[in-house]
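[1] Provided below for reference: sequence and predicted model.
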Amino acid sequence: MFRKDLLSIVRASPSDDEGLSLIEGTEEDGWILHGALHSPESGETFPVRNGYLDLLRRRTGADNIANLTNFLPGAGRGYEPLWRVRSLTLLTGESFPNERELGIISDLARVERGGRYLDLGCSAGLYTRSIATDLGDGGEVLGIDISPSMLGEAARRIRKSRAGRASLARADAEDLPFADESFSGAVCGGSLNEFGDASRVLRETRRVLEPGGRLAIMGILRATTPNGRRLQRFLSTGGIKFFDPDEIRSMLTHAGFDPDPLQVHGAVFFAGATRR
Ligand SMILES: C[S@@+](CC[C@H](N)C(=O)[O-])C[C@H]1O[C@@H](n2cnc3c(N)ncnc32)[C@H](O)[C@@H]1O
């Protein structure tokens, strides 16, 4: 499902001046349930099916092995129950249920009714659903990911939770298909470690945020113990990257953000930043 009022900010190609229009399909109460969207400038069409708008079509968008594992059938289904419900408790060594994490992200992003928010690398939609629930019918949230398996599961969970105005798109965070200054804020849970080019994603995020817009990131720090470093060296062969606090601050600053002081819990960081 995709909210019709988001079509005006979608740019099939960066040089496009116009958004997409619906050429065929089913709509109900401002939602496109399924159908085909058309770019008047490039002439391309993009399907809305399986609960999301597919802006990548035949492109995978994946540029490392870690990304490709998210394409496996079942990856989406297992992600939250097998990993996400306990991930931060394991990584921080503290009691860290999802509610605590979601509270921190919502505070850092300063989610406010009436806003429009982007979830970068949304997987099964944990942050997307939480923001949609906070906003109710007063705002929009759009989760993007490259993995059809994750997006299918995110769509299923959004339908089941009856979260507010949550839309999903298959899109590459390194080339955000949205007009400049389209969003009030953006969130990113764990995905910075998986993007092929994290600095590029941050620059793109700055472009699509309004001046003063907020970015909230949860991610994993570079390990400081020999065992942790060995494990991370192994994971790095699949394309996952780990960051030092200084590197995170530097990437944010260079991308055009003013970073808040970093919050660190064990191996996990929370970064808030304001778009200059
Ligand atoms: C660690 S998971 C995200 C978890 C999710 N944000 C959460 O909080 O539960 C990383 C996700 O980023 C997606 N991803 C990787 N590269 C991407 C890209 N270039 N653009 C969009 N999504 C990407 C992967 O498919 C995967 O679902």
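    Yes, it's here.
[2] so how many other residues sit close to L235?
    15 (other CB atoms under 10 Å). No exception for glycine: its C-beta is placed from N, CA and C like everyone else's.
[3] Repeat that for A163.
    By the criterion of other CB under 10 Å, A163 has 20 neighbours.
[4] Grab the nearest non-local neighbour of the residue of the stretch 1-150 of the chain found nearest the ligand.
    Using CB to the nearest ligand atom, G121 is the residue of the stretch 1-150 of the chain that sits closest to the ligand, at 2.8 Å. In this structure, G121 finds its nearest non-sequential neighbour in S191, 2.7 Å apart by CB to CB, 6 or more residues apart in numbering.
[5] my guess is the one you found contacts L118, does it?
    No: with contacts counted by CB atoms under 8 Å, S191 stays clear of L118, the gap being 11.7 Å.
[6] All the strands of the stretch 1-150 of the chain, in order from the start?
    Per DSSP state E, counting those that start in this stretch, the stretch 1-150 of the chain carries strands over the ranges 2-3, 21-28, 31-38, 45-49, 52-54, 116-120, 140-145.
[7] ok, the shortest one: who's next to it in the sheet?
    By that I understand strand 2-3. Here strand 2-3 has these sheet partners by DSSP bridges: strand 31-38 (antiparallel).
[8] if we can go back for a sec, compare S191 and L118 and say which is more crowded by neighbours.
    Neighbours of S191 and L118, each counted by other CB under 10 Å, are more numerous for L118; the result is 31 against 22.
[9] Enumerate every residue touching the more buried one.
    V141, L142, I144, L176, F178, F183, G185, A186, V187, T205, V208 (CB atoms under 8 Å, 6 or more residues apart in numbering).
[10] pretty sure the third one contacts L168?
    Spelled out, it's I144. Yes: using CB under 8 Å, I144 makes contact with L168 at a distance of 7.4 Å.
[11] Give me the common contacts of these two.
    With CB under 8 Å, 6+ apart, I144 and L168 have common neighbours C122.
[12] Can you tell me which residue of the stretch 151-276 of the chain sits closest to the ligand?
    Closest point on the stretch 151-276 of the chain to the ligand, by CB to the nearest ligand atom, is G189, at 2.6 Å.
[13] which stretches of the stretch 51-200 of the chain form helices?
    Remark: helices assigned in the stretch 51-200 of the chain by DSSP state H, counting those that start in this stretch are 65-69, 75-78, 87-92, 98-109, 126-135, 148-161, 198-208.
[14] If you count neighbours, what's buried in stretch 134-145?
    D134, L135, G139, E140, V141, L142, G143, I144, D145 (16 or more other CB atoms under 10 Å).
[15] Also near the ligand: which of those residues, exactly?
    Subset of these in contact with the ligand: I144, D145, counting by CB under 6 Å from any ligand atom.
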